[in-house]
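Engineer: sharing a model that was predicted from the sequence below.
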Amino acid sequence: DGGITQSPKYLFRKEGQNVTLSCEQNLNHDAMYWYRQDPGQGLRLIYYSQIVNDFQKGDIAEGYSVSREKKESFPLTVTSAQKNPTAFYLCASSTGGVLSGNTIYFGEGSWLTVV
Amino acid sequence: GQQLNQSPQSMFIQEGEDVSMNCTSSSIFNTWLWYKQDPGEGPVLLIALYKAGELTSNGRLTAQFGITRKDSFLNISASIPSDVGIYFCAGRRGYSGGGADGLTFGKGTHLIIQP
């Protein structure tokens, strides 16, 4: 089945650790995105990538890093510099950039908890 | 990024009732998107609206792109238990504004249905 796969679904991080969330899509979409969702809040953009080997900071990029070495993969690393990382993380993709008029589709999300 | 004003924040209704929710903004949008999110899952696209005044249906769901381009509403007719979830609106301003990805999200409407 085509879609966006995020893993793991649940992840626990100790203080000072870096963790990486995986996002893979087989939709042949050019653009990929990472959003963070906190309880009672809307989605906030962390990073996005319009094309392989290129990515841009979103509204809350501090403490996060990404890479886009392959079209189908866009992993997100939550670094120790992110002081409040506990949240629900959503990966998304679209055929082109959202600014070009393409709707984005979401993965099922990953829960990250700091212990 | 700036968020849309989505209301109501939550709704407690009886099964079979109709539901109405809306999003407003002081800015003009080129596209309105409505998503539904089940607990612990990623948002799923329900309806996309691309033209001012457009009225689009998807089963029991109907959404409209406001004439002023500053608002949109979503109606659900004859609600059923599986309609429970959080409904998000998202607006795209196009090339000249919005968040880094061009999308601005509402904070969501939490729909709770009492049997």
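Structural biologist: That came in fine, so what should we check first? Keep in mind that this is a model prediction, so the values were computed, not measured.
Engineer: CA only for contacts and neighbour counts going forward, please
Structural biologist: OK.
Engineer: mind listing the strands for chain B?
Structural biologist: B:5-7, B:10-14, B:19-24, B:31-37, B:44-49, B:55-58, B:61-65, B:71-76, B:85-92, B:103-105, B:109-114 (DSSP state E).
Engineer: also chain A?
Structural biologist: Counting by DSSP E, the strands of chain A are A:4-7, A:10-13, A:19-25, A:31-37, A:43-51, A:54-57, A:64-66, A:76-78, A:87-94, A:105-106, A:110-114.
Engineer: is it possible to export those strands to CSV including distance to chain B?
Structural biologist: Shown next, in CSV, are the strands of chain A (distance: least, Cα to the nearest Cα, whole Å):
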stretch, distance to chain B
strand A:4-7, 10
strand A:10-13, 10
strand A:19-25, 13
strand A:31-37, 8
strand A:43-51, 6
strand A:54-57, 8
strand A:64-66, 16
strand A:76-78, 16
strand A:87-94, 7
strand A:105-106, 6
strand A:110-114, 8
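Engineer: in CSV: those, plus mean pLDDT and mean neighbour count.
Structural biologist: As requested, the strands of chain A are arranged in CSV below (pLDDT from 0 to 100; neighbours: other Cα atoms under 10 Å in any protein chain shown):
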stretch, mean pLDDT, mean neighbour count
strand A:4-7, 96, 20
strand A:10-13, 91, 14
strand A:19-25, 97, 20
strand A:31-37, 93, 24
strand A:43-51, 91, 24
strand A:54-57, 92, 16
strand A:64-66, 97, 19
strand A:76-78, 97, 20
strand A:87-94, 94, 25
strand A:105-106, 91, 22
strand A:110-114, 93, 19
